[in-house]
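Novice: only geometry, no sequence info:
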Ligand SMILES: Cc1cc2nc3c(=O)[nH]c(=O)nc-3n(C[C@H](O)[C@H](O)[C@H](O)COP(=O)(O)OP(=O)(O)OC[C@H]3O[C@@H](n4cnc5c(N)ncnc54)[C@H](O)[C@@H]3O)c2cc1C
C-alpha cells in the first residue's frame, strides 16, 4: 500500500458507489461524464474545486478538428481525414501514435457534431489574421503550421482550429456549455471532493477511490472503472523540476490550481507508465501583427532557426529545446513593427556588426546570416527555410534592432503535454504495455497525441475525444 493507492481489504466501507467514477471535471472529465450518462450508466464525477471547469475554462477554447467539418466547409475550405492525418503524423514529434491519430482524424467530423449537440456554438467565419484564438467571435483559424514549410508540402493545408463563438478566450464558454450538458445529463456531480488515492481490489483491479470532502475522508466504489481526468502538472514545482526542467524556465505557466499532477502520481503509484513527461506546449508569441514575419528569427550564435511564419508553438519549442532558449527577432528600420504582446528590445545598432557585438554573437555570424538571407530574399526566395514569399524582404536599412526572444528575458507560455501512457481506448498502460485493470485516463492526466509538435487545439481536442472513448471502454470492459 502507498499513500496514493489503498488496498480494498483495508477499506472499512464504501460511502457511495457508481458504475464509472470520473475524477476531475475539466473538458476531459465533462466529455467522459457525458458519454457515460448518454450510455445510461450510473456515473459519478468528482471535482476538487467548488465547480467544474479547470484549466479548460481558462483556455483559448480552440479545438483541433478537421477532415471536412461543416464549419470548414461553410468557410470554404476542403479537408479530408487523410490530409489531417498526414499533417499530424509529420508534425506531432518523432514518434507519434499512428493508431490514435488515425482514430482522431477519422472520427473528427463526428466529434464536431457531438460538441455541437452539447450546445457548443461555432460561427462559420474564418479569421485570417493570425493563429490561435481570434479577438472576434469567428469560428475557424489556422492553429498550427499547416500552411507553412515544411508541412504545406506534406499535406494539403486546411485551418483546423475550431473556436466556440465568443470574442477572445473561448474556454469559458466551452466549459459553460459542457457543464450545462453534464447538469442536464442525469450524471451525478460532487464538487469540493478531492481524490486522494485509488482503491485496488484483491485481483489488482482499480475499484474506486479515497476522497476528502468537507474535511471528511471516505471511499467511493466504482464497479466498472475509474477515469482520471485531473489535468497536467504545470503547477507542481517539484514534478516540473524533476520531469520537465526546461518548461520550468518559461515565465508564463498558466493552468488552474488543479494542475498539480495528482492524478498522474496516483496512476504511477498504481503501476502506470508515464509518457513524454518532459514535453510541453511552449508558445513564443511574436505575431500579431503578421508584419512581424518580415523579421528574422536567430539563435544566440546569429544563425537562423526556422521559417518565421511557423506556428508560435514551433518557434518556442525550437528555441527552447534546440537553442538553449536563446533567440532574437531581427529587424531593420523598414520592417520594424511593434508586436502586440510586448517584447523587450535586446539591442539596436547602426550596423549589423554593432548589433551582433551588442548581442554577444560571434564576429561575422549575424552579418553572414543576414547577407545570405538578403541575397535570396531580393529574388523572393528562401532556400534555407522556405518562408512564404510575401514575408521575404531584404533587411538593409539601418538602424537594425533585435527583440528579445530569450526564455529568461521574455514571454514563453508553457503547459505540460506528458502524462500517463494510455491506449487508444484510454486504458492506462503499465511499463510492459498491459492495461492497469479498471483504470483509464484522458486529457492532460494522459500524454497528448502531440509531444512535441503541438498545435493549438490538440489538447482540448484530444482531451474531449479520447475521454469519450475511455468512458465507453470503461463501461464495456468493466462489465461483470
Ligand atoms: C492560457 C491557456 C490557453 C490555452 N488554450 C488552449 C486552446 O486554445 N486549445 C487547447 O487545446 N488547449 C489550450 N490550453 C491547454 C488546455 O487548456 C489544457 O491542456 C486542457 O484544458 C486540459 O484539460 P483537462 O480536462 O485534462 O484538465 P483541466 O481542464 O485542468 O481539468 C482537470 C480538473 O481536475 C480537477 N482535479 C485535479 N486533481 C483532482 C483531484 N485529485 N481530485 C478531484 N479533482 C481534481 C481540477 O480541479 C480540474 O477541474 C490552454 C492552456 C492555457 C493555460
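Specialist: The structure has been received and is ready for your questions. Note that this is a predicted model, so its numbers are computed, not measured.
Novice: Distance check, residue 92 against residue 101.
Specialist: Using Cβ to Cβ, to the nearest Å, residue 92 is found at 7 Å from residue 101. Every residue, glycine included, has its C-beta placed from N, CA and C.
Novice: Now do the shared contacts for those two.
Specialist: residue 449 (Cβ atoms under 8 Å, 6 or more residues apart in numbering).
Novice: Which residues of the stretch 251-400 of the chain lie near the ligand?
Specialist: Within reach of the ligand by Cβ under 6 Å from any ligand atom, the stretch 251-400 of the chain has these residues: 254-256, 258-259, 262-263.
Novice: buried ones in stretch 208-218?
Specialist: 208-211, 213, 218 (16 or more other Cβ atoms under 10 Å).
Novice: what about residue 28, how many residues close to it?
Specialist: Residue 28 has 35 neighbouring residues, counting by other Cβ atoms under 10 Å.
Novice: List the contacts of it.
Specialist: Per Cβ under 8 Å, 6+ apart, neighbours of residue 28: 56, 229, 231, 442-445, 463-464, 466-467.
Novice: Tell me the most packed of the residues you listed, by neighbour count.
Specialist: Neighbour-wise, the contacts of residue 28 (other Cβ under 10 Å) top out at residue 444, 37 neighbours.
Novice: In three-state terms, label that residue for me.
Specialist: Per DSSP: H, G, I helix; E, B strand; the rest coil, the local secondary structure of residue 444 is helix.
Novice: Spatially nearest residue to the closest residue to the ligand within the stretch 1-150 of the chain, not counting backbone neighbours?
Specialist: In the stretch 1-150 of the chain, the residue that lies nearest the ligand is residue 26 (2.0 Å; Cβ to the nearest ligand atom). Sequence neighbours aside, residue 54 is the residue nearest to residue 26 in space, at 3.0 Å (criterion: Cβ to Cβ, 6 or more residues apart in numbering).
Novice: Surely that neighbour is in contact with residue 256?
Specialist: Yes - the pair residue 54 / residue 256 is scored as a contact, 5.0 Å apart, by Cβ atoms under 8 Å.
Novice: Spell out which residues are contacts of both of the two.
Specialist: With Cβ under 8 Å, 6+ apart as the test, residue 54 and residue 256 both reach 26, 231.
Novice: higher neighbour count, those two?
Specialist: Set residue 54 next to residue 256 and count neighbours by other Cβ under 10 Å: residue 54 wins out with 32 against 19.
Novice: can you pull the contacts of that one?
Specialist: Residue 54 sits in contact with 24-27, 29, 47, 175, 231, 256, 258-259, where contact means Cβ under 8 Å, 6+ apart.
Novice: Try it again at 7 Å.
Specialist: Residue 54 makes contact with 24-26, 231, 256, 258 under the criterion Cβ atoms under 7 Å, 6 or more residues apart in numbering.
Novice: now those in CSV, with distance to residue 341?
Specialist: Formatted as CSV, the contacts of residue 54 follow (distance: Cβ to Cβ, whole Å):
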residue, distance to residue 341
24, 30
25, 31
26, 26
231, 25
256, 22
258, 26
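Novice: Sort out which one of the buried residues of stretch 208-218 lies nearest the ligand for me.
Specialist: residue 211 (7.3 Å).
Novice: looking at this, the closest one is in a strand?
Specialist: Yes - secondary structure of residue 211 (three-state DSSP): part of a strand.
Novice: and the longest strand for this protein?
Specialist: The strand that spans the most residues within the chain, counting by DSSP state E, is strand 216-228.
Novice: packing partners for the next helix-or-strand element following that one?
Specialist: Once the chain leaves strand 216-228, the next helix or strand it forms, by DSSP states H and E, is helix 237-243. Using 3 or more Cβ pairs under 7 Å, 6 or more residues apart in numbering; DSSP states H and E, the elements in contact with helix 237-243 are helix 245-248.
Novice: what about the helix it packs on, distance to the chain center?
Specialist: Centre-to-centre, helix 245-248 and its host chain are 16 Å apart (Cα atoms, centre = their mean, to the nearest Å).
Novice: and the helix or strand following it, which residues are buried?
Specialist: Next helix or strand after helix 245-248 toward the C-terminus (DSSP H and E): helix 262-269. For helix 262-269, the neighbour count (16+ other Cβ under 10 Å) marks 262-269 as buried.
Novice: Can you spell out which helices and strands pack onto the helix ranked longest in the chain?
Specialist: With secondary structure taken from DSSP state H, the chain has its longest helix at helix 458-477. Counting contacts by 3+ Cβ pairs under 7 Å, 6+ apart, helix 458-477 packs against strand 16-23, helix 27-38, strand 63-64, strand 216-228, strand 435-441.
Novice: That one relative to helix 27-38, how many degrees between them?
Specialist: In terms of direction (axes from the mean of the first three to the mean of the last three Cα atoms, to 10 degrees), helix 458-477 departs from helix 27-38 by 30 degrees.
Novice: what comes up buried for helix 458-477?
Specialist: Quick answer for helix 458-477 (16+ other Cβ under 10 Å): 458-475.
Novice: Stretch 425-438 too?
Specialist: 425-430, 435-438.
Novice: show me where the stretch 101-250 of the chain has helices.
Specialist: For the stretch 101-250 of the chain, the helices defined by DSSP state H, counting those that start in this stretch cover 108-117, 171-184, 237-243, 245-248.
Novice: Deepest-packed of those, please.
Specialist: helix 171-184 (a mean of 20; mean count of other Cβ atoms under 10 Å).
Novice: pLDDT at residue 480, what is it?
Specialist: For residue 480, the pLDDT comes out at 60.
Novice: List the contacts of whatever helix or strand residue 328 lives in.
Specialist: Using DSSP H and E, residue 328 sits in strand 327-331. The set of residues external to strand 327-331 that reach it, using Cβ under 7 Å, 6+ apart, is 286, 295-299, 305, 319, 346, 359, 395, 400-406.
Novice: Need phi/psi at the residue of the stretch 251-400 of the chain found nearest the ligand.
Specialist: Taking Cβ to the nearest ligand atom, the ligand has its nearest neighbour within the stretch 251-400 of the chain at residue 258, 2.6 Å off. With angles defined as degrees, to the nearest 10, residue 258 sits at phi -70, psi -10.
Novice: Return the distance of the residue nearest the centre of the chain relative to residue 272.
Specialist: Closest residue to the average C-alpha location of the chain: residue 459 at 3.6 Å, with Cα atoms, centre = their mean. Distance of residue 459 to residue 272, given as Cβ to Cβ: 20 Å.
Novice: What of residue 261?
Specialist: Residue 261 sits 13 Å away from residue 272, going by Cβ to Cβ.
Novice: now swap in residue 192 and tell me
Specialist: Note on residue 192: its distance to residue 272, by Cβ to Cβ, is 27 Å.
Novice: More neighbours: the two, which one.
Specialist: Taking other Cβ under 10 Å, residue 192 and residue 272 do not tie; residue 272 has more neighbours (27 against 13).
Novice: Please tell me I have it right and the more buried one contacts residue 419.
Specialist: No - the pair residue 272 and residue 419 fails to qualify as a contact (Cβ atoms under 7 Å) at a distance of 9.4 Å.
Novice: Could you list the residues in contact with stretch 466-480?
Specialist: With Cβ under 7 Å, 6+ apart as the test, stretch 466-480 has contacts from 19-20, 28, 31-32, 35-36, 39, 41, 223-225, 227, 229, 424-427, 438, 440-443.
Novice: filter those down to the ones near the ligand?
Specialist: Contacts with the ligand within the contacts of stretch 466-480, counted by Cβ under 6 Å from any ligand atom: 28, 229, 443.
Novice: I'd like those as a markdown table, with pLDDT appended.
Specialist: A markdown table is the format used below for those (pLDDT from 0 to 100):
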| residue | pLDDT |
| --- | --- |
| 28 | 98 |
| 229 | 98 |
| 443 | 98 |
